[in-house]
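Peer 1: The following comprises the amino acid sequence and a computationally predicted model.
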Amino acid sequence: MMLQNLMENYLNSSTKSVMPVSDIETSMPVIPKNPQWIIGKNKIQKAYKFDTRKQKEAFVLELVKYCRETEADVEFRIRKNKVGVILHATSPQVSEIEFEAKVEIDKIRKDVVYYFAKKD
């Protein structure tokens, strides 16, 4: 059998069975563990949840160190086992500075959680 014969039905099938994008997003079998950053006009925000107090405290310390190095306007709030991070735009709209900061903050969280992971 030739490839052309195999693909004929596939290529000639109607597109009526295509699911709308909104339905695809809601019917996904995997739900992301960590919610993504919420991007607004003047800020980007995300809440991080930690399993242990040590992880949370280490993350906050590394975040304070990062605030010294970056040009981004970083605000964070701590409550129970969560740390909320808000990156305020230094210009009228969110810029590359804030997008670079969000990537670095995600890396900081990943490093802290890995370093303080429970060894079984």
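Peer 2: In hand now; what should we look at?
Peer 1: Quick check: buried residues in stretch 73-85?
Peer 2: If you call a residue buried by 16 or more other CB atoms under 10 Å, then stretch 73-85 has these buried ones: 74, 76, 83, 85. C-beta: built from backbone N, CA, C; applies to glycine.
Peer 1: Look up the closest residue to the first one, ignoring the ones flanking it.
Peer 2: When you say that, I think you mean residue 74. Nearest non-adjacent residue to residue 74, counting by CB to CB, 6 or more residues apart in numbering: residue 67, 5.0 Å away.
Peer 1: what sits up against the helix or strand hosting the one you found?
Peer 2: Here residue 67, judged by DSSP states H and E, is contained in helix 53-69. Residues outside helix 53-69 that contact it (CB atoms under 8 Å, 6 or more residues apart in numbering): 48, 50, 74, 76, 78, 81, 83, 85, 101, 104-105, 108-109, 111-113, 115-116.
Peer 1: mind checking how far that helix is from the chain centre?
Peer 2: Put simply, helix 53-69 sits 18 Å off its chain's centre (CA atoms, centre = their mean, to the nearest Å).
Peer 1: what about stretch 39-54, start to end distance?
Peer 2: End-to-end distance for stretch 39-54: 29 Å, by CA to CA, to the nearest Å.
Peer 1: Tell me which helix or strand comes right after the lowest-mean-pLDDT helix or strand in the chain.
Peer 2: Across the helices and strands of the chain, mean pLDDT, DSSP states H and E gives its lowest value to helix 21-26, namely a mean of 48. Using DSSP H and E, the next helix or strand after helix 21-26 towards the C-terminus is strand 38-39.
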